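Q: I need the structure of the sequence given here:
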Amino acid sequence: MYCDHLGNKLEEFDAAKPVQRRAYEAYLKGYRVSDAGTLYGLHGKAMVLYKSGRYPAFQIHLEREQAKMRAHKFAAYCFFGFAAFDEDVIYLSDDLFDISRRNIALRPAVKLTHEQMQRVNSFYSRVRGKRAAKGAAQALADELGVSLSTVMRARTRLVSLSAKR
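A: The predicted structure is shown next:
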């Protein structure tokens, strides 16, 4: 059982989502995001965000690994604790480098209908385990009217279900 800095409890981390464990360990090690949106590293020094794909990220150094972490995901963990793992993290403005408390919010994760799950399944079965063409998964998400993270979560769920068979 794990307990975050807000007192929320979590039985175990989802192995399919390493960002959960990384955010928890980074926070324990000393990484922080202030309410004003400043990211602080191990020794209390402000860190610089860099553009990595669609979202700003930063490098974390943990005991077992070095990894990149999306800034908005870590900021959400700092502000909302384990609740950030159960819901979608959204920006309230268009500025992706603004990770302040006033610009980061949580919204309930969208549940896909059976038909939408079939569309996601057929999309990824055509890709056959490879990475989808740049923007193709985002186009599918836009077509379904959901976020890209919802489509990716559905794909992860589909892959884990097929692995159990």
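Q: can you give me the helices in this structure?
A: Ranges of helices within the chain are 18-29, 71-80, 83-86, 114-127, 136-144, 148-164, based on DSSP state H.
Q: where among those is the average confidence lowest?
A: If you rank the helices of the chain by mean pLDDT, helix 148-164 sits at the bottom with a mean of 63.
Q: Distance check, the residue most central in space within the chain against N121.
A: With distances taken as CA atoms, centre = their mean, the residue of the chain nearest its centroid is K73 (5.0 Å). Separation of K73 from N121 (CB to CB, to the nearest Å) stands at 26 Å. Using the backbone N, CA and C atoms, a C-beta is placed for each residue, glycine as well.
Q: Leaving out the residues flanking it, which one is nearest to S52?
A: K68 (5.9 Å; CB to CB, 6 or more residues apart in numbering).
Q: about what we covered before: so which of the helices of the chain is nearest Y50?
A: Among the helices of the chain, the nearest to Y50 by CB to CB is helix 71-80 (9.4 Å).
Q: Packing partners of the closest one?
A: helix 18-29, strand 32-33, strand 39-40, strand 55-61, helix 83-86, strand 88-91, strand 104-107 (3 or more CB pairs under 8 Å, 6 or more residues apart in numbering; DSSP states H and E).
Q: got a list of contacts for the longest one?
A: The contact list for helix 18-29, computed with CB atoms under 8 Å, 6 or more residues apart in numbering, reads 2, 4-5, 10, 13-14, 42, 60, 62-63, 67, 69-70, 73-74, 77-78, 84-85.
Q: hmm, back to that, which of the helices of the chain is buried the deepest?
A: helix 71-80 (a mean of 23; mean count of other CB atoms under 10 Å).
Q: Perfect, that will be all.
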